[in-house]
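# 3D model of this:
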Amino acid sequence: MSTSATPPRSLAEALRVRDDASLGALLRARPDLITPVPTDLTQLATRAGTRASVVRALERLDRFALQTAEALAVAGDPASYEELLGLLAGDAGSPAVAGALSRALGTLREQALVWGEDERLRLVRTARELLAPSPQHPSPTGLGPTVQEATAGMSPGRIQEIVAAAGLASTHDPVSAVAALTGLFTDRERMAALLAGLPEESLEVLRRLVWGPPYGQVTADPAVRLRRLIDLGLLLPTAPGTVVLPREVALHLRDGLAHRTTEPLPPAVEPVATHRPQVVDTTAAGQAYTTLATVEELLKDWDEGGPAVLRAGGLSVRDLKRTAVALDVSEPVAAFWVELAHAAGLIASDGEADERYAATPAYDEWLERPAAERWVRLAEAWLTATRTAGLVGGRDAKDRTLSALGPGLDRSAAPEVRHRVLTLLAGLPEGASPSAESVLARLRWERPLRGPQRDDDLRSRLAEWTLSEAELLGVTGRGALSAQGRALWGAAPARTPRKEPSGPGDKLPVHHHTAPPVEPLSAPEQAVASAAAARLLAPLLPEPLDHVLLQADLTAVAPGPLQRPLADVLDVLADVESKGGATVYRFTPGSVRRALDAGQSASDLHAFLAAHSRTPVPQPLAYLIDDVARKHGHLRVGAASAYVRCDDDAVLNEILADKRAAGLGLRRLAPTVLAAQADPAGLLDGLRQMGFAPAAESAEGDVLIARAHAHRTPPRTAPEPVPDGPPVPDATLLSAAIRAIRAGDLASTAPRKQAPMAGGELPRTSSAETLATVQAAVLTSEALWIGYVNAEGSASQRVIAPIRVEGGFVTAYDHTADEVRTYPLHRITGVAELAED
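As a prediction, the model looks like this:
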């Protein structure tokens, strides 16, 4: 940050002396400030002081930075660095606070919440209003108003009575009396002597109020222990029946501390167990395989149309229970798998009148990819999804049940919390798993502030869900981040942890800072990281097998995942009896009949089993297949796609004799009825092309064409995450925004030879004056200050360096836009020369 000899008098001036890197850091930390881009630094400062922007910035401070801002809110305005340090470290001092204060103050300055030199630190006015104590909004510090604030409405006579009772000399005016009382309360020695003369009962009253809330209720005739405190001004009345402990008194009783507990350092993320990295990776890979198998099973169950969509959207409770039973998991876990498949774009509603959930065309493409790439797609969807499966079964603000795949599950903070949790895990040594409590404590330190509209524990619950979901998904194994998880996250292994000071009593390695990136990866970086994760995971996943083990009890054991063609046939030929490391299939008459109905013959089934079994085909199984095949097909049940009936059988004969009807698959069922293999729509089109005029009919004589059941939804995109405020600007946008802001600031602050009118407006000039001034500037190469109105009627002020004037236009280098532009002279409302400096 650049420095200036003259201390800044406002936030705008403080921003004006910053360099581009410092402004860029501000805009990255508070991206709402450039939506849209401010015209100059004064507007940027104004926007940085708006209530909504300040609240958003305060919510993103860590605990110590927030405590620093809270301490500034109860300090003088302006406050010195030493005064601020005293409020945070107390009379006894604290090396940890002294070492961390410069960082916290740097954060507040960087985010334009504090400005000024160390001798004159100022909290922006809106932040002071939000954090300073008031009867309606108590301060997080628990402190009350100052003596000056508490006595603002008190009569001068009453103030003189308090001064006299405290043993001070009377003064000639209330202002000096309040100053004398304040001096007494801030003098440690005199204040200690005053308190030493109080009875224990009075001191107990002060102890009850010292850490807040500082307000108490009294009767019209207070007790003796209270009367003494009121007479000395140690308790001051603020309203009838209400007294308050002045801030100066509370700080003396607190030994100068603004907070009961000052937390300058983040809590340690403590490893509770360390596993060999190979064990972590194989455990996570096994869970990744389970993830793929579970999602495939879910989609296979919904292959021909899944559960119906509720009128309000989402799955019904009954359908979620049914899905949980089918997947053999609990309902919350089933909700997670359903939401994961939805986030990856594999399932969606079909959009039909009888709306149901079904697989999307993207599911078929996903199935064709290698197993590791399929897992990476699911993991990427989970990382960025704002839909939160953990909320399923809860209640929304209107006390309605939140359902899986339904509305109301988006939480914008979810991706950021996942990012932080995985970043903390990546900062630990390989194989180290932390305790959930230490992770939650760290996150609470990083984001301590809660808005009134938020659940107090939402962020903690999101972190807990992240830890459990990462284990389910295979991003972690045994609580530690796996190699594929690190690669997906773009983090290098932290093989040698740094030992940093974290306070007394630490026995385990602690990590206050982490090596992984603070911000999520860009799209190209994420693609590289995903490819690396797939390469690491692929060797750890079991290879699909091309065989099973047939047993004499009419079962087949698949000792691992099966190749897709083999698995598809077995799913038809046998029923799954149990799952796990090995899948057990059972052959029954019903399952064999199902295979025969699918077009297989007995010889096909015998050949298939002989080709894919490592053991001989058991005789009971061969007998079962032959017995069912022998009975299969004695009774024929068929269906015609469409029929044609006509009272004149000669017309039907003509149709059968026409070669163009060969593709319709017609056959005669009765003299006046033909059956067709073509569907009704195809049959209608075919007959019309042959020159006939058929009419479709239903059993009731109405026009009716059956619609085939939709097995896939129309092409659907995955749900877009709901952003948590404006996105962080990239380097290109930042550079352009800073150039535009500085150019606009130059236009608004450049010294002028002609003084502006009231309000800083440029004085209007006639067309002749404008033309003459611009022509003179071309000859002298001077810059001009102009007012300009564009074609849409929007007025602006610019600083230009005219190059040439011709045809009613001036071509000039526009310092505001940082480019050469051409302006119509008739749109220039006024022009003035700039001072030479």
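# What is the neighbour count of the residue lying closest to residue 529 once chain neighbours are set aside?
Spatial nearest neighbour of residue 529, excluding adjacent residues (Cβ to Cβ, 6 or more residues apart in numbering): residue 490 at 4.3 Å. Just so you know, the C-beta spots here come from the backbone N, C-alpha and C atoms, and that holds for glycine as well. Residue 490 has 19 neighbouring residues, counting by other Cβ atoms under 10 Å.
# what ranges do the helices span in the stretch 451-600 of the chain?
458-473, 483-489, 523-537, 564-573, 589-597 (DSSP state H, counting those that start in this stretch).
# quick one, which of those helices is nearest to residue 652?
Residue 652 sits nearest to helix 589-597 of all those, at 31.9 Å, using Cβ to Cβ.
# Tell me the helices and strands packed up against the closest one.
Contact analysis of helix 589-597 by 3 or more Cβ pairs under 8 Å, 6 or more residues apart in numbering; DSSP states H and E lists helix 564-573, helix 602-612, helix 619-631 as its packing neighbours.
# So which bits of the very next helix or strand once past the last one are buried?
Reading on from helix 619-631 to the C-terminus, the next helix or strand found by DSSP states H and E is strand 642-645. Judged by neighbour count using 16 or more other Cβ atoms under 10 Å, the buried positions of strand 642-645 are 642, 644.
# residues in contact with strand 642-645?
Contact with strand 642-645 is made by 652, 655, 666, 669, 672-676, 678-680, 682-683, 687, 694, as judged by Cβ atoms under 8 Å, 6 or more residues apart in numbering.
# Strand partners (parallel or antiparallel) of that strand?
Using DSSP bridges, strand 642-645 pairs in its sheet with strand 673-676 (antiparallel).
# Buried residues, the partner strand. List them.
Neighbour count says strand 673-676 has 674-676 buried, by 16+ other Cβ under 10 Å.
# One more: stretch 256-269?
Going by neighbour count (16+ other Cβ under 10 Å), the buried part of stretch 256-269 is 256-259, 262-269.
# so where is the stretch 501-650 of the chain shaky, pLDDT-wise?
Within the stretch 501-650 of the chain, the set of residues satisfying pLDDT under 70 comprises 501-520, 632-641.
# 80 instead?
With pLDDT under 80 as the threshold, the stretch 501-650 of the chain has low-confidence stretches at 501-523, 580-581, 597-599, 631-643, 647-648.
# same question, the stretch 301-450 of the chain
Applying pLDDT under 80 to the stretch 301-450 of the chain flags residues 303-305, 449-450.
# Near the nearest residue to residue 550 once chain neighbours are set aside, how many other residues are there?
Closest residue to residue 550 apart from its sequence neighbours, by Cβ to Cβ, 6+ apart: residue 613 at 4.4 Å. A count of nearby residues for residue 613, using other Cβ under 10 Å, gives 17.
# Would you map the helices across the stretch 201-350 of the chain?
Assigned by DSSP H, counting those that start in this stretch, the stretch 201-350 of the chain shows helices spanning 224-231, 247-253, 277-301, 317-327, 331-343.
# To residue 599, which of those lies closest?
The nearest among the helices of the stretch 201-350 of the chain, by Cβ to Cβ, is helix 277-301 at 19.8 Å.
# Okay, buried residues for that closest one please.
277, 280-281, 283-289, 291-292, 294-299.
# Quick check: which ranges of the stretch 101-250 of the chain have low pLDDT?
Those would be 134-138, 212, if you go by pLDDT under 80 across the stretch 101-250 of the chain.
# Between the contacts of strand 642-645, which sits nearest residue 27?
Ranked by distance to residue 27 (Cβ to Cβ), these are led by residue 679 at 61.4 Å.
# Double-check residue 621 against residue 550; I have them as touching.
Yes - between residue 621 and residue 550 there is a contact under Cβ atoms under 8 Å: 6.5 Å.
# tell me, what's touching those two both at once?
Residues within reach of residue 621 and of residue 550 at once, by Cβ under 8 Å, 6+ apart, are residue 609.
# Direction included, what does the longest strand along the chain pair up with?
The longest strand of the chain (DSSP state E) is strand 795-806. In the sheet, strand 795-806 lines up against strand 784-789 (antiparallel), strand 809-814 (antiparallel) (DSSP bridges).
# List just the one of the ones you listed that sits closest to residue 339.
Here strand 809-814 is closest among these (Cβ to Cβ), at 51.2 Å.
# buried stuff in the closest one?
810, 812, 814.
# how close does the residue in the chain sticking out farthest from the centre sit to residue 642?
Here the centre of the chain is the reference, and by Cα atoms, centre = their mean the most remote residue is residue 650, at 72.8 Å. Distance, residue 650 to residue 642, by Cβ to Cβ, to the nearest Å: 21 Å.
# OK, contacts around residue 824?
Counting by Cβ under 8 Å, 6+ apart, residue 824 touches 808-809.
# Repeat that for residue 335.
Going by Cβ under 8 Å, 6+ apart, residue 335 touches 320, 389, 392-393, 404.
# still on that earlier bit, adding distance to residue 140, write the helices of the stretch 201-350 of the chain out as CSV.
Listed next are the helices of the stretch 201-350 of the chain as CSV, based on distance: least, Cβ to Cβ, whole Å:
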stretch, distance to residue 140
helix 224-231, 25
helix 247-253, 14
helix 277-301, 41
helix 317-327, 41
helix 331-343, 35
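# how about the ones you listed, which one is nearest residue 148?
Closest approach to residue 148 among the helices of the stretch 201-350 of the chain (Cβ to Cβ): helix 247-253, 9.6 Å.
# okay, the closest one in PDB with CA atoms only?
Output in PDB follows, covering the C-alpha atoms of helix 247-253 (Å, rounded to 0.1, in the frame of the first residue of the first chain):
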ATOM      1  CA  ARG A 247     -18.300   1.600  30.100                       C
ATOM      2  CA  GLU A 248     -15.300   3.100  31.900                       C
ATOM      3  CA  VAL A 249     -16.300   1.400  35.200                       C
ATOM      4  CA  ALA A 250     -16.800  -2.000  33.400                       C
ATOM      5  CA  LEU A 251     -13.400  -1.800  31.800                       C
ATOM      6  CA  HIS A 252     -11.800  -1.100  35.100                       C
ATOM      7  CA  LEU A 253     -13.500  -4.100  36.600                       C
END
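# I appreciate the help and will end here.
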